[in-house]
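Just the structure for this:
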Amino acid sequence: MKLMRLLILVALVSLLAGPAFAEDYTYTGVKKCKTCHKPAKIGGQYGIWLEGAHARAFTDLTSEAGLAKAKELGVENPAEADACLSCHTTGHAAPAEAKVKVLPASGVSCEACHGAGKGYYKKKTMVAITAGTVDGATVGMNKITEETCLACHKADNPGHKGTFDYEEFLKKIAHPMPAK
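Predicted structure coming up:
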């Protein structure tokens, strides 16, 4: 009887807590995204990202300016500091097994904003999300909001000095699918 109660308790706690990191919500890496999102005919999202600041977020940490900012903030090696990597890379806080295909050098790639892609990266799923027959959130895709950006572009971030304007910056990184 005690064993049965213990098993029920463990099951309830597991259900309430949920998985620490669902298998389907692992990162696929920017190369998977590039496969479909590179062609200009569908918007060339990969190229837009590649030319933007998010793609350089990690390498900027070790640039002359990045190292100077780190020194000013008392950070010895920004390329190894959690405080820096949490915003300058994708999936930094995720378990290692969830980000095997994510390279820090990719900076802030697609999945940093859109969510870990294993559950939605396949064409069939993406088509269903676009058609509205699948809710992207059920397969790990994030709905982008100002809060998504403010996770890193926050006013108290010493590198931003409270200058983040969501609408202005959203225009700078816009990469929509073209209207049909």
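
Identify the residue nearest the most centrally placed residue in the chain in space, chain neighbours excluded?
Taking Cα atoms, centre = their mean as the criterion, residue 112 is the residue nearest the geometric centre of the chain, at 1.0 Å. Setting aside the residues directly before and after it, residue 112 is nearest to residue 90 in space (Cβ to Cβ, 6 or more residues apart in numbering), at 4.1 Å. Glycine gets a C-beta too; all of them are placed from N, C-alpha and C.

Test my guess that that neighbour contacts residue 106.
Yes - when contacts are counted by Cβ atoms under 8 Å, residue 90 is listed as touching residue 106 (6.4 Å).

Mind listing the shared neighbours of those two?
Any residue near both residue 90 and residue 106 by Cβ atoms under 8 Å, 6 or more residues apart in numbering counts here, and that gives residue 30.

Any stretches of this protein with poor pLDDT?
Filtered on pLDDT under 70, the chain yields the residue ranges 1-24, 158-162.

With residue 172 as the reference, measure out to the nearest residue to residue 150 once chain neighbours are set aside.
Excluding the flanking residues, the one nearest residue 150 by Cβ to Cβ, 6+ apart is residue 164, at 7.2 Å. Residue 164 sits at a distance of 11 Å from residue 172 (criterion: Cβ to Cβ, to the nearest Å).

and what of residue 96?
As judged by Cβ to Cβ, residue 96 and residue 172 stand 32 Å apart.

Could you pull up the contacting residues of the residue nearest to residue 150?
Contact criterion Cβ under 8 Å, 6+ apart gives 149, 150, 153, 154, 155 as the residues in contact with residue 164.

So what's the residue count around residue 103?
Residue 103 has 14 neighbouring residues, counting by other Cβ atoms under 10 Å.

Which residue ranges of the protein form helices?
Listed in chain order, the helices of the chain (DSSP state H) span residues 2-17, 30-37, 45-51, 57-61, 64-73, 82-88, 110-114, 123-131, 146-150, 166-173.

Distance to residue 137 added to these, as TSV?
Listed next are the helices of the chain as TSV, based on distance: least, Cβ to Cβ, whole Å:
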stretch	distance to residue 137
helix 2-17	19
helix 30-37	18
helix 45-51	20
helix 57-61	25
helix 64-73	34
helix 82-88	23
helix 110-114	11
helix 123-131	10
helix 146-150	13
helix 166-173	20
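
which one of the ones you listed has the most crowded surroundings?
helix 110-114 (a mean of 23; mean count of other Cβ atoms under 10 Å).

other SSEs contacting it?
Applying 3 or more Cβ pairs under 8 Å, 6 or more residues apart in numbering; DSSP states H and E, we find helix 110-114 packed against helix 30-37.

now the helix it packs on: how far from the chain's centre is it?
When distances are taken as Cα atoms, centre = their mean, to the nearest Å, helix 30-37 is centred 14 Å away from the chain's centroid.
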